[in-house]
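Enquirer: Got a predicted structure here, sequence first:
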Amino acid sequence: MSKIRVLIVDDSAYSRQTIKKMLESDSHIEVAGVSADGIEAMAKTLRSKPDVITLDIEMPEMDGFSFLRWLMQNRPTPVIIVSSYSDSKTVFKALEFGAADFVAKPSRIPSAEFGKVEKELIKKVKGVKDFRLDKLSKNLALLEKQFIQREQLSESPQAVAALAIGSSTGGPAALRILLTNLPSDFSACTVISQHMPKGFTESFAERLNGISKVYVKEAKDGDELERGKVLICPGGAHMSFIKKGDRILTSLKEPKSTDKYIPSVDTMMASIAEIFGSKAMGVVLTGMGNDGKTGMLEIKKRGGYTIVESEESAVVFGMPSEVIKAGAADRILPIANIPAEIIKAVKGSKKSEG
């Protein structure tokens, strides 16, 4: 198997050296070069033709956004943004410019934390080799306009009271398409686990809230699930739910060091399935790995309704594919069709009524 060739673009000599050391610790990755700014990166991209590029945003001469625009027009290549927590708002702008994913920037941190960053970076570099930039471009084009596919897509089994959505690589764009097409009178409570580092989900929730008709916020421990409200699990935590009388409250827990996916889609979905039973709905969008498979099986086992994003639009088909192979997907739809199917399910269109 040929090695994944990576170009590192960062104006910090410390960051370049640290990222290089991290990547070279894996025998399947080769550092094809390093660049201190976008102009140098342009030349090295054309010369070395890397498989993946790690990119800093704030750089002299030519910043990350300018380089990203040039790259997507001249030599589309999967890009992983390497950014500090303070740059979280710019990260989501970069994702809209075509970046595949992002990781927290390595800093002079304790070795245990350093190891986590190294593991995450290597996992994402390996994962984005399957990233479909052509599909991302089509999905980003959908963000230019609001739409709802009006045609009847199917008959859903029962009125949905709780919607649980899981996503990973490519998820921010897919979630924007989904949430911005839900109406202001959307009546289900909605929870989301998007694989994302600690420190970024608050800005992500604020960004989605600013462009959606539904209310979106980062979940806090003890937040109540309410109709029309969307709670996004904080990065670096797992989210489940507890019932107290007539109220259902969010419970956030620290992950174990052995946990593979953080936040865990499986944990969130299994908890929703236990509480809502046949009135639960699970949706798995783009992403690598198999997080969500067990959760979707649990929702389906309890009579709930499940949808996965189809290969037609998923920029990484790993997570949806695993759910399909497990027999846990009631519907397989492109992202453009999913909002209407969710809305219909929440309104309770039933076969017996049709």
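Expert: Looks like it came in fine. Numbers count the residues shown, from 1 in each chain.

Enquirer: Quick check: buried residues in stretch 324-344?
Expert: The neighbour-count check on stretch 324-344 (16 or more other Cβ atoms under 10 Å) flags 324, 328-344 as buried. For every residue, glycine as well, the C-beta is placed using N, CA and C.

Enquirer: Check stretch 75-82 too.
Expert: If you call a residue buried by 16+ other Cβ under 10 Å, then stretch 75-82 has these buried ones: 77, 78, 79, 80, 81, 82.

Enquirer: will you turn the residues you listed into TSV that also has pLDDT?
Expert: Output for these, formatted as TSV (pLDDT from 0 to 100):
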residue	pLDDT
77	95
78	95
79	96
80	95
81	94
82	91
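
Enquirer: which among these gets closest to residue 129?
Expert: In terms of Cβ to Cβ, no member of the buried residues of stretch 75-82 lies closer to residue 129 than residue 78, at 7.2 Å.

Enquirer: quick revisit: just the ones in helices from the buried residues of stretch 324-344, please.
Expert: The helices, defined by DSSP state H, take in 324, 338, 339, 340, 341, 342, 343, 344 from the buried residues of stretch 324-344.

Enquirer: what about the longest helix in this protein?
Expert: Assignment by DSSP H gives helix 111-127 as the longest helix of the chain.

Enquirer: what is the mean pLDDT for that helix?
Expert: For helix 111-127, the mean pLDDT works out to 82.

Enquirer: Quick check, residue 170 in contact with residue 130.
Expert: No - Residue 170 lies out of contact with residue 130 (Cβ atoms under 8 Å); the separation is 10.3 Å.

Enquirer: if we can go back for a sec, out of the ones in helices among the buried residues of stretch 324-344, give me the two with the largest separation.
Expert: Largest separation among these by Cβ to Cβ: 324 and 343, giving 22.8 Å.

Enquirer: Tell me, how many residues neighbour residue 257?
Expert: Close neighbours of residue 257, defined as other Cβ atoms under 10 Å, add up to 8.

Enquirer: what do you get for the one 5 residues further on?
Expert: A count of neighbours around residue 262, defined by other Cβ under 10 Å, yields 22.

Enquirer: three-state assignment of it?
Expert: The local conformation at residue 262, judged by DSSP: H, G, I helix; E, B strand; the rest coil, is coil.

Enquirer: Report pLDDT for it.
Expert: Note for residue 262: predicted pLDDT of 94.

Enquirer: wouldn't it be in contact with residue 239 here?
Expert: No - counting by Cβ under 8 Å, residue 262 stays clear of residue 239, with 10.7 Å between them.

Enquirer: quick one: the lowest-mean-pLDDT helix or strand in the chain to chain centroid distance?
Expert: None of the helices or strands of the chain scores lower by mean pLDDT, DSSP states H and E than helix 111-127, at a mean of 82. Taking Cα atoms, centre = their mean, to the nearest Å, the mean C-alpha location of helix 111-127 is offset from the chain mean by 17 Å.

Enquirer: go on, stretch 82-92?
Expert: Here stretch 82-92 is found 15 Å from its chain centre; the criterion is Cα atoms, centre = their mean.
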